[in-house]
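In: Predicted model and sequence follow; I will ask about them next.
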Amino acid sequence: MLTIKIHYSLTVEDYLEYQELYLTRIAGFWQKYHYRIFVIFGIIVFVAGINWIFFEHRHTYRGWVSILGGMYLVFVGVWGRWKWRRWFRKNAHLYQNLEGEITDEDLTVRSRTEDTRAKWGHYSGFAESRNLIILLDPQGNWLILPMRAFEPADLESFLKLLHTKLDISPAGTNRPSEASG
């Protein structure tokens, strides 16, 4: 029976790598591009408001509404990306001193505040990057495991176990149904 024990902490760099992996290989169209869409559309609305005020109708207030609306959309687009990074930095203590135990039957992760134990059938996908292994559960939650937490032989055993127990290819090619989210 295989048993692998790991101890790790997640860093801001891990979070940024997770975010990059999520946006490039896992996320659907809207999750990938909605921040950019907000910023681009906000700039267009802002420019239209400037045009309205200075060239078309100088005596009406509608251009100011357009300018404020465009500024709001740009703000939402930029702030939306930054709020998650800020949240991770602010709550980094939640991702420190984690312990994991991997067996043939299940995966257990313990922190100061909680224990999470799930059978392999609970996970519906995974993704690998240069430094991270990320497991997806059906509710859309991700479990991030840094590769540095594993000994080289344990990492190879874990990846082999992951491929056999989940019986799926990495998340970049077998994304959960797009209709669910």
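Out: Nice, I can see it.

In: what domains does the record give for this structure?
Out: Residue ranges for the domains of the chain, per automatic domain parsing: 3-10+97-180, 16-92.

In: Ends of the shortest one, what's the gap?
Out: Between the opening and closing residues of domain 16-92 we find a distance of 13 Å, counting by CA to CA, to the nearest Å.

In: picking that back up, can I get the domains of the chain in JSON lines including mean pLDDT and mean neighbour count?
Out: C-betas here are computed from N, CA, C, even on glycine. Formatted as JSON lines, these follow (pLDDT from 0 to 100; neighbours: other CB atoms under 10 Å):
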{"stretch": "domain 3-10+97-180", "mean pLDDT": "83", "mean neighbour count": "15"}
{"stretch": "domain 16-92", "mean pLDDT": "83", "mean neighbour count": "14"}
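
In: Run the chain-centre distance for the helix or strand containing Asn51.
Out: Using DSSP states H and E, Asn51 maps to helix 29-51. Centroid separation between helix 29-51 and its chain, computed with CA atoms, centre = their mean, to the nearest Å, is 22 Å.

In: and the residue lying closest to Leu162 once chain neighbours are set aside, what are its bridge partners?
Out: Closest residue in space to Leu162, ignoring its immediate chain neighbours: Phe126 at 6.1 Å, by CB to CB, 6 or more residues apart in numbering. Beta-bridge pairing of Phe126 under DSSP bridges involves Leu135.

In: For Asn91, see how far away Phe126 is.
Out: Phe126 is 24 Å from Asn91, where distance means CB to CB, to the nearest Å.

In: What ranges does the chain have for its helices?
Out: Listed in chain order, the helices of the chain (DSSP state H) span 12-21, 29-51, 62-90, 152-166.

In: Nearest to Ile4, out of those helices?
Out: The closest approach between Ile4 and any of those, judged by CB to CB, belongs to helix 152-166 at 4.7 Å.

In: hmm, who's touching the closest one?
Out: Contacts to helix 152-166, defined as CB atoms under 8 Å, 6 or more residues apart in numbering, come from residues 2, 4, 6, 102, 104, 120, 123-126, 128, 133, 135, 147, 150.

In: I'd like to know which of those is nearest to Met71.
Out: Gly125 (38.4 Å).

In: Would you mind measuring from the closest one to Leu132?
Out: According to CB to CB, Gly125 stands 14 Å off from Leu132.

In: Lovely, talk soon.
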